[in-house]
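Asks: The following comprises the amino acid sequence and a computationally predicted model.
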2 protein chains.
Amino acid sequence: MNVVQVIGIEDLPIIKKGDNIAELVCKATERQGIHIQDKDIFVITHVIVSRAEGRVVNLDEVAPSEFARNIAEHSDKDPALVEVVLRESKSIRRMGNGKLITETKHGFVCANSGVDKSNVPGERNVALLPQDSDRSAEGIRQVIRTLTGCEVAVVISDTHGRPLRKGEINVAIGVAGIEALRDRKGENDLFGYVLRVKQTAIADELASAAELVIGQANEGVPAAIIRGYNYPRSENAKATDLVRPKEEDLFL
Amino acid sequence: MNVVQVIGIEDLPIIKKGDNIAELVCKATERQGIHIQDKDIFVITHVIVSRAEGRVVNLDEVAPSEFARNIAEHSDKDPALVEVVLRESKSIRRMGNGKLITETKHGFVCANSGVDKSNVPGERNVALLPQDSDRSAEGIRQVIRTLTGCEVAVVISDTHGRPLRKGEINVAIGVAGIEALRDRKGENDLFGYVLRVKQTAIADELASAAELVIGQANEGVPAAIIRGYNYPRSENAKATDLVRPKEEDLFL
């Protein structure tokens, strides 16, 4: 039977700077009675990766620039938060309605360069995205391989709003061991017609699927295993393959 | 344990005009040994709904307007296909690079108003979107309830490209029995901080999760059951809740 399972990883401790996420994830799955297998896909919300990597900033320790104060004044935001967002940004793509849509240094376009207060302990603390989320994913993959002997894939997820459609969805901002895009060029449909859909954003779809267990638990489940999905392996996967270049984007 | 299952529905016959999809889906799941349960979510690719509803057009029977011929000439498309796309459109949102991004009569913004050749038998035939995909979903839900006595939800999916990110993902274009958006306003995070994320597009995430089994099978699995996801029920769900109004969209 063609079944994909999305399993929430429960009982992870509160992740703090210096923690080894891969090790903690392996222990938590063991306590849950889950035996990690080849081709398991680990989807991990970026905020625990950021916390483990010490990518947390106390807004009280940030001196906002004049530009940050200007923006903050017109958008009802904390000037220190705006300053942190600007520091994490390569460019501002859109401003308005109190929103700041930026391009992160990685190349992702999202609100506030992914800087977020949710699930960060400390009233004035915010989490940044991991500096290199593919490298973070690869590090986790390597440790899981060492500890279990299994070839797994890792997807680091974030919650993004999007143009055209309301509501946020989970997408991939880091990948390891799995292609971010599945190339379908040349595949046939049921009637032998060659598919025009060329690429499926499988890493984004996996991140969204994982949110079904992660989001149910009020953020108490920060990671999931997806089992039974036959994905294209990769040894040099990059989540930035999911970034549509400006010149190919009719909306930019 | 917090587990969500995505189960591909196999061995559906080739769907043709007049077929009762709900009945065929119930029979196929029975043959597969799956017992339909309360709160099962059925994700069904729109093309089989369109075919069952006779929403198929033979391009040889379409007389393209002069405007359609103009567009076709500059985009290397079939003039009859462009004509069908225009007939299905409320407005054109973007044109260029051989692409036609339109607003469907329902209000969805996508390439070619969803008109597609994939998985439609007949060399010159294309499928349109269902006329009212929420009504189609509701019809399927009612029949499944009658046949099984179970309260289920139905999501009708389509494959969409998107601004900012490469690769296509599956999204919801019709819903029944389930809210398209999950309102998270006021929910707390792990540390008691009130979540700023206000709405999660759960119907889109479910459609993407279903694609993991549907897309693996080269379109031979046109429907899936998602089991174990505790969704907000609705008796008047609308997939157009997922459409971001132009005036709230920084990119339009």
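Replies: Sure, I can see it.
Asks: where along the stretch 151-252 of chain A do the helices fall?
Replies: A:202-214 (DSSP state H, counting those that start in this stretch).
Asks: Might you list the low-confidence residue ranges for it?
Replies: The stretch 151-252 of chain A contains residues with pLDDT under 70 at A:195-197, A:217-219.
Asks: list the buried ones in the longest helix along chain A?
Replies: Secondary structure of chain A per DSSP state H: the longest helix is helix A:133-148. Buried residues in helix A:133-148, counted by 16 or more other Cβ atoms under 10 Å in any protein chain shown: A:133-134, A:136-141, A:143-144, A:147-148. Using the backbone N, CA and C atoms, a C-beta is placed for each residue, glycine as well.
Asks: repeat for stretch A:6-20
Replies: A:6-10, A:12, A:15, A:19.
Asks: and the end-to-end length of that stretch?
Replies: One end of stretch A:6-20 to the other measures 23 Å (Cα to Cα, to the nearest Å).
Asks: Which of the buried residues of stretch A:6-20 sits closest to residue B:224?
Replies: Using Cβ to Cβ, residue A:6 is the member of the buried residues of stretch A:6-20 that lies nearest residue B:224, at 12.5 Å.
Asks: and the longest helix of chain A with helix A:202-214, angle?
Replies: Per axes from the mean of the first three to the mean of the last three Cα atoms, to 10 degrees, the angle that helix A:133-148 makes with helix A:202-214 is 70 degrees.
Asks: ok, back up a step: TSV for the buried residues of stretch A:6-20, including secondary structure?
Replies: Shown next, in TSV, are those (DSSP: H, G, I helix; E, B strand; the rest coil):
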residue	secondary structure
A:6	strand
A:7	strand
A:8	strand
A:9	coil
A:10	coil
A:12	coil
A:15	coil
A:19	coil
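Asks: Can you sort out which of these also neighbour chain B?
Replies: With Cβ under 8 Å from any Cβ of the partner chain as the criterion, the buried residues of stretch A:6-20 include A:6-8, A:10 near chain B.
Asks: Now do the contacts for residue A:103.
Replies: A:89-93, A:109, A:113 (Cβ atoms under 8 Å, 6 or more residues apart in numbering or on different chains).
Asks: what helix or strand does it sit in?
Replies: In the assignment (DSSP states H and E), residue A:103 maps to strand A:99-104.
Asks: Give the other helices and strands that the helix or strand following that strand contacts.
Replies: Counting by DSSP H and E, the next helix or strand C-terminal to strand A:99-104 is strand A:109-111. For strand A:109-111, the elements it packs on are strand A:99-104, strand A:153-160, judged by 3 or more Cβ pairs under 8 Å, 6 or more residues apart in numbering or on different chains; DSSP states H and E.
Asks: residues of strand A:109-111 that come out buried?
Replies: Neighbour-count burial for strand A:109-111 flags A:109-111 (criterion: 16+ other Cβ under 10 Å).
Asks: any idea how far it is from the chain center?
Replies: Here strand A:109-111 is found 12 Å from its chain centre; the criterion is Cα atoms, centre = their mean, to the nearest Å.
Asks: which outside residues touch it?
Replies: A:93, A:99-104, A:158, A:160-161, A:243, B:164.
Asks: What is the nearest of the residues you listed to residue A:70?
Replies: Once Cβ to Cβ is applied, the member of the contacts of strand A:109-111 that ends up nearest residue A:70 is residue A:100, at 12.1 Å.
Asks: Quick check, residue A:23 in contact with residue A:143.
Replies: Yes: judged on Cβ atoms under 8 Å, residue A:23 makes contact with residue A:143 at a distance of 6.3 Å.
Asks: Give me the outermost residue of chain A relative to its centroid.
Replies: Going by Cα atoms, centre = their mean, the residue of chain A most distant from its centre is residue A:191, 36.5 Å out.
Asks: and stretch A:160-179, how far apart are its ends?
Replies: With Cα to Cα as the measure, stretch A:160-179 spans 20 Å from end to end.
Asks: Also stretch A:154-169?
Replies: Using Cα to Cα, the end-to-end distance of stretch A:154-169 comes out at 18 Å.
Asks: Please state the offset of it from the chain centre?
Replies: Relative to its chain's centre, stretch A:154-169 lies at 9 Å (Cα atoms, centre = their mean).
Asks: what's the burial count for residue A:96?
Replies: 10 (other Cβ atoms under 10 Å in any protein chain shown).
Asks: doesn't residue B:250 make contact with it?
Replies: Yes: if you go by Cβ under 8 Å, residue A:96 and residue B:250 touch, sitting 5.6 Å apart.
Asks: re the thing from before, count of residues packed around the residue nearest to the residue farthest from the centre of chain A when sequence neighbours are not counted?
Replies: In space, residue A:191 comes closest to residue B:121 once its chain neighbours are excluded; the distance is 5.0 Å by Cβ to Cβ, 6 or more residues apart in numbering or on different chains. By other Cβ under 10 Å, the residues close to residue B:121 number 15.
Asks: Tell me the secondary structure at residue B:121.
Replies: The three-state label given to residue B:121 by three-state DSSP is coil.
Asks: rewinding a little: I'd like to know which elements the longest helix of chain A is packed against.
Replies: helix A:21-31, strand A:41-45, helix A:46-52, strand A:153-160, strand A:169-176.
Asks: what's the burial count for the spatially closest residue to residue A:183 that is not a sequence neighbour?
Replies: Excluding the flanking residues, the one nearest residue A:183 by Cβ to Cβ, 6+ apart is residue A:199, at 5.7 Å. By other Cβ under 10 Å, the residues close to residue A:199 number 18.
Asks: next one: the one 4 residues further on
Replies: When neighbours are counted by other Cβ under 10 Å, residue A:203 registers 31.
Asks: next one: residue A:175
Replies: Neighbours of residue A:175 (other Cβ under 10 Å): 30.
Asks: Distance of the residue nearest the centre of chain A relative to residue A:133?
Replies: What sits nearest the mean C-alpha location of chain A, by Cα atoms, centre = their mean, is residue A:157, with 2.0 Å. Residue A:157 is 10 Å from residue A:133, where distance means Cβ to Cβ, to the nearest Å.
Asks: Need the overlap of contacts for the two.
Replies: Residues touching both residue A:157 and residue A:133 (Cβ under 8 Å, 6+ apart): A:46, A:173.
Asks: How about the contacts made by the residue of the stretch 51-200 of chain A found nearest chain B?
Replies: Here the stretch 51-200 of chain A gets closest to chain B at one residue, residue A:167, 2.9 Å apart by Cβ to the nearest Cβ. By Cβ under 8 Å, 6+ apart, the contact set of residue A:167 is A:161, B:180-182, B:199-202, B:204, B:242.
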